[in-house]
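Asker: just a sequence and a predicted model for now, questions to come.
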Amino acid sequence: RGLVGFLAYDLLQQRAAEEAREKALAAAEMHTPVLLSYDYRHLDQDLAKAQAVLTGDFKEKYAETFTKVVKPTATQYRAVVVGNVAAAGVIRAEPDEAQVLMFVNQQATNSQLKAPRLDLSRVRMTLKKTGAGWLVSNIEAL
């Protein structure tokens with residue numbers, strides 16, 4: 001009985017981790033454009049959309065950075081940034097938390113650029129499973 005119970009528990013943990021991999025990756029791919037895009041013409045709406053996919057202390061930190069840094073700069077230079085996921089992969093996944101490596105392309109236009117600029121970046125995104133689904137609890141540029 002002990003071995004069977006252990007094997008059943010182990011199988012459940014493996015299935016939970018696999019489900020976490022799939023759902024966290026899908027959430028990361030969906031949330032990335034929301035978090036890494038903005039348009040000077042509707043910054044308040046962009047921030048509200050971003051806040052809906054964030055959780056924990058990072059939600060407040062993101063709002064502070066967006067309000068103090070992104071908003072004034074984007075307004076001054078009439079900036080529009082569109083972020084898209086080029087590729088993504090799960091670094092680690094547990095039933096309630098996952099980390100995803102994102103390769104992101106951000107196309108930027110602003111009053112200082114003669115033509116759109118493409119910025120390529122890598123970010124490590126941490127997601128937590130919440131009652132509202134998989135939400136972003138941290139983003140780190142790599």
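Answerer: Perfect, I can see it now. Since the model is a prediction, treat every value here as computed from it, not as a measurement. Numbering: from 1, shown residues only.
Asker: give the next helix or strand downstream of whichever helix or strand Ala48 is part of.
Answerer: In the assignment (DSSP states H and E), Ala48 maps to helix 43-51. As assigned by DSSP H and E, the chain's next helix or strand after helix 43-51 is helix 57-65.
Asker: quick one: average pLDDT of that following helix?
Answerer: Average pLDDT, helix 57-65: 98.
Asker: just to revisit the earlier point, could you dump the helix holding Ala48 to PDB, C-alpha only?
Answerer: Coordinates of each C-alpha in helix 43-51 appear next as PDB, following Å, rounded to 0.1, in the frame of the first residue of the first chain:
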ATOM      1  CA  LEU A  43      -1.600  55.100 -21.300                       C
ATOM      2  CA  ASP A  44      -4.100  54.900 -18.500                       C
ATOM      3  CA  GLN A  45      -6.000  52.100 -20.400                       C
ATOM      4  CA  ASP A  46      -2.700  50.300 -21.100                       C
ATOM      5  CA  LEU A  47      -1.800  50.400 -17.400                       C
ATOM      6  CA  ALA A  48      -5.300  49.100 -16.400                       C
ATOM      7  CA  LYS A  49      -4.900  46.200 -18.800                       C
ATOM      8  CA  ALA A  50      -1.500  45.400 -17.400                       C
ATOM      9  CA  GLN A  51      -2.700  45.500 -13.800                       C
END
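Asker: mind listing what's buried in it?
Answerer: Buried residues in helix 43-51, counting neighbours by 16 or more other C-beta atoms under 10 Å, are found at 43, 46-47, 49-51. Using the backbone N, CA and C atoms, a C-beta is placed for each residue, glycine as well.
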